[in-house]
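Colleague: Quick one: sequence plus predicted model below, questions after.
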Amino acid sequence: MVNVSTVRPGHDPACRLFVGDHAFIRRESFVEYAMARVELAQKISDSVANRVLVPCADLDSAIFARVCHGLTISQFIKPRFLTYYHDHTGL
């Protein structure tokens with residue numbers, strides 16, 4: 001899981017998101033890879049059921065590819081998450 005935040009000075013430039021990339025994006029944003037985490041599927045399901053997390057539409061595949069690519073070039077991603085990504089995607 002990754003956080004999306006509004007662009008601010010010093011932000012991680014690895015992946016910017018723009019209005020129109022997704023309905024959730026209402027201002028220029030970036031993926032904050034420094035806050036990446038891995039969660040159990042059951043915890044996510046429970047969070048949705050308890051309305052802690054609210055499901056949104058899927059990202060367009062091209063935007064999702066941009067987010068994934070950003071993970072591989074971010075200077076802020078913790079090495080264990082980059083390893084997890086490579087181990088689970090084969091990329």
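Modeller: Structure's in. What do you need? This structure is a prediction, so every number in the text was calculated from the model and none was measured.

Colleague: so what's Ser29 scoring on pLDDT?
Modeller: At Ser29, the model reports a pLDDT of 98.

Colleague: tally of neighbours for it?
Modeller: Residues lying near Ser29 (other Cβ atoms under 10 Å) number 22. Every residue, glycine included, has its C-beta placed from N, CA and C.

Colleague: correct me, but it touches Asn3?
Modeller: No. Between Ser29 and Asn3 there is no contact, the gap being 9.8 Å when judged by Cβ atoms under 8 Å.

Colleague: top helix in the chain by residue count?
Modeller: For the chain, the longest helix by residue count, based on DSSP state H, is helix 61-73.

Colleague: now that helix, how far from the chain's geometric center?
Modeller: 9 Å (Cα atoms, centre = their mean, to the nearest Å).

Colleague: which other helices and strands contact it?
Modeller: strand 29-32, helix 79-89 (3 or more Cβ pairs under 8 Å, 6 or more residues apart in numbering; DSSP states H and E).

Colleague: Tell me the buried residues in the worst-scoring helix or strand of the chain on mean pLDDT?
Modeller: Among the helical and strand segments of the chain, the one scoring lowest on mean pLDDT, DSSP states H and E is helix 79-89, with a mean of 91. For helix 79-89, the neighbour count (16 or more other Cβ atoms under 10 Å) marks Phe81, Leu82, Tyr85 as buried.

Colleague: Could you pull up the contacting residues of the second one?
Modeller: Contacts for Leu82 (Cβ atoms under 8 Å, 6 or more residues apart in numbering) come out as Leu71, Thr72.

Colleague: helix or strand for His22, which one?
Modeller: Following DSSP states H and E, one finds His22 outside all helices and strands.

Colleague: how far away is the closest residue to Leu53 other than its chain neighbours from Leu17?
Modeller: Leaving aside its chain neighbours, Leu53 sits nearest to Ser47 (4.2 Å; criterion: Cβ to Cβ, 6 or more residues apart in numbering). The gap separating Ser47 from Leu17 is 22 Å, by Cβ to Cβ, to the nearest Å.
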